[in-house]
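> Build me a model from this:
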Amino acid sequence: MRSRLLASALALTVLTTVAGCANSDTPAAPATNASGGSVASFDPTTIAKDDALAAQVPAALKSKGTLTIGSDTSYAPAEFLKDDNQTAQGYDIDFAKAIGAKLGLKVTVQTAKFPSILPGLGTKYDLGISSFTINPERLKAVNMVSYFKAGTQWAVKKGNPKGISLDDICGKTVGVQTGTVQEEPDLSDRSAKCKADGKDAISIVSLENQTDVTTRLVNGSIDAMAADSPIINYALTQTNDQLEKLGDVYDAAPQAITVKKSDTATAQLVQKTMQSLIDDGSYQKILESWNNADGAVTTSELNPAQS
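As a prediction, the model looks like this:
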């Protein structure tokens with residue numbers, strides 16, 4: 001799940017990232033920018049304006065007329081770029097457009113580095129929609145509107161030729177996207193236990209973009225990768241059957257749309273709007289169009305308690 005530490009911890013994470021993306025002469029995995037031909041994005045223009053909800057749009061937002069969304073568009077199928085490397089797509093992008101349609105607002109999606117989105121809420125972005133996992137630390141810093149549920153899933157090369165087992169990952173090379181909960185605390189805790197047990201530590205390859213992690217697994221330069229379950233599902237469909245799942249989904253948790261902590265009016269309105277999309281069936285259609293209906297929830301909540 002895409003959960004990140006905040007403030008100075010964010011910068012530290014980026015500075016300590018294992019160097020670089022994939023080599024420039026390394027062919028990218030098909031998931032890099034692919035729209036995945038068989039995936040038909042939901043058309044948000046089919047969603048009618050809800051006058052009751054639109055009447056609750058805060059004055060400042062109404063005068064602007066546009067919802068500005070911050071999103072790290074490197075996380076297919078939730079948010080990623082079309083082949084033009086400019087146009088955002090994915091189920092999170094469709095949710096953003098659907099919210100705008102309900103509220104009678106235009107929607108602008110701005111591609112942003114993941115660590116910069118939460119600090120930019122209220123100044124650069126009205127909403128952050130980028131697969132943010134809800135956790136206690138983040139709830140202290142921003143408002144969070146739940147809308148989806150995902151867990152951690154692992155993947156290896158098809159046939160698991162290196163015989164990777166989650167029961168003994170010590171000494172293996174594992175790829176993750178920088179700042180995700182798969183990196184910290186999951187892999188860091190696993191690695192610490194390896195060392196405590198007198199075994200080799202896990203070699204954690206932390207890369208800024210999930211697509212680069214997928215590329216390295218396809219090319220065989222890492223032994224396994226861990227990511228959100230929908231991201232793994234999509235990577236499998238986009239790499240021509242070169243990868244397979246390892247083990248079951250675990251630590252499933254809700255994800256949320258984020259809003260500046262002091263902007264409770266917008267946060268409450270986003271929650272009501274998301275619930276409206278769930279109730280009228282638009283929400284389900286969006287997830288089905290991206291083959292991720294298994295992550296659907298029936299209730300959207302504002303700042304749900306998390307242990």
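
> Shouldn't Asn233 be within a helix?
Yes. With DSSP: H, G, I helix; E, B strand; the rest coil as the criterion, Asn233 is assigned to a helix.

> Give me the local confidence score for it.
Here, the pLDDT recorded for Asn233 equals 83.

> just how off-centre is the top strand by length along the chain within its chain?
Criterion DSSP state E: the longest strand present in the chain is strand 243-260. Centroid displacement of strand 243-260 relative to its chain, using Cα atoms, centre = their mean, to the nearest Å, is 8 Å.

> strands paired with it, and their directions?
strand 127-133 (antiparallel), strand 142-157 (antiparallel) (DSSP bridges).

> Tabulate the CA atom coordinates of the last one in CSV.
Yep, that's strand 142-157 we're talking about. Below are the C-alpha coordinates for strand 142-157, written out as CSV (Å, rounded to 0.1, in the frame of the first residue of the first chain):
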residue,chain,number,x,y,z
VAL,A,142,-4.4,15.3,6.5
ASN,A,143,-8.1,14.4,6.1
MET,A,144,-8.6,11.0,4.4
VAL,A,145,-11.7,9.8,2.6
SER,A,146,-11.8,6.1,2.2
TYR,A,147,-12.8,4.6,-1.2
PHE,A,148,-10.9,1.4,-1.9
LYS,A,149,-9.2,-1.5,-0.2
ALA,A,150,-5.9,-3.1,-1.1
GLY,A,151,-3.3,-5.3,0.5
THR,A,152,0.3,-6.4,-0.2
GLN,A,153,1.0,-8.9,-2.9
TRP,A,154,4.3,-10.4,-4.1
ALA,A,155,5.3,-11.4,-7.6
VAL,A,156,8.1,-13.4,-9.2
LYS,A,157,9.1,-14.6,-12.6
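
> Go ahead and measure how far it is from the middle of the chain.
With Cα atoms, centre = their mean, you get 7 Å for strand 142-157.

> Can you list the buried residues in it?
142-157 (16 or more other Cβ atoms under 10 Å). All C-beta atoms are positioned from the backbone trio N, CA, C, and that covers glycine.

> cool, and the first one?
Applying a neighbour-count criterion of 16+ other Cβ under 10 Å, the buried positions in strand 127-133 are Leu127, Gly128, Ile129, Ser130, Ser131, Phe132, Thr133.

> separation between the second one and Gln284?
It refers to Gly128. Distance, Gly128 to Gln284, by Cβ to Cβ, to the nearest Å: 23 Å.

> Which residue is the nearest non-sequential neighbour of Lys285?
Distances taken as Cβ to Cβ, 6 or more residues apart in numbering put Phe42 closest to Lys285, at 5.4 Å, once the chain neighbours are dropped.

> which residue ranges form the strands in the stretch 1-150 of the chain?
Ranges of strands in the stretch 1-150 of the chain, per DSSP state E, counting those that start in this stretch, are 66-71, 74-75, 79-81, 88-89, 106-111, 127-133, 142-157.

> Identify the residues contacting the fifth one?
Contact partners of strand 106-111, identified using Cβ atoms under 8 Å, 6 or more residues apart in numbering, comprise 65-73, 79, 81, 88, 93, 96-97, 99-100, 124-125.

> Neighbouring strands - and their directions - for it?
strand 66-71 (parallel).

> contacts for the host helix or strand of Gln271?
In this structure, Gln271 sits in helix 264-279 according to DSSP states H and E. The contact list for helix 264-279, computed with Cβ under 8 Å, 6+ apart, reads 47, 50, 53, 56-58, 61, 95, 98-99, 102-103, 126-127, 143, 145, 147, 257, 259-260, 283-284, 286, 297-303.

> Comparing the strands of the stretch 1-150 of the chain by mean pLDDT, which bottoms out?
Across the strands of the stretch 1-150 of the chain, the lowest-scoring stretch is strand 74-75, with a mean of 84.

> packing partners for it?
Secondary-structure packing of strand 74-75 (3 or more Cβ pairs under 8 Å, 6 or more residues apart in numbering; DSSP states H and E): helix 210-219.

> For the helix it packs on, which helices and strands make contact with it?
Counting by 3+ Cβ pairs under 8 Å, 6+ apart, helix 210-219 packs on strand 74-75, strand 142-157, strand 173-177, strand 203-207, strand 224-228, helix 229-238, strand 243-260.

> orientation of the longest strand of the chain relative to helix 229-238 in degrees?
With axes from the mean of the first three to the mean of the last three Cα atoms, to 10 degrees applied, the angle from strand 243-260 to helix 229-238 works out at 140 degrees.

> for the record, mean pLDDT for strand 243-260?
For strand 243-260, the mean confidence score works out to 94.

> tell me the angle of it relative to helix 210-219?
170 degrees.

> How is the protein divided into domains?
7-151+253-295, 152-251 (automatic domain parsing).

> Was I right to think Leu166 contacts Trp154?
Yes. Counting by Cβ atoms under 8 Å, Leu166 touches Trp154, with 6.5 Å between them.

> which neighbours do these two share?
Common neighbours of Leu166 and Trp154 (Cβ under 8 Å, 6+ apart) are Leu246, Gly247.
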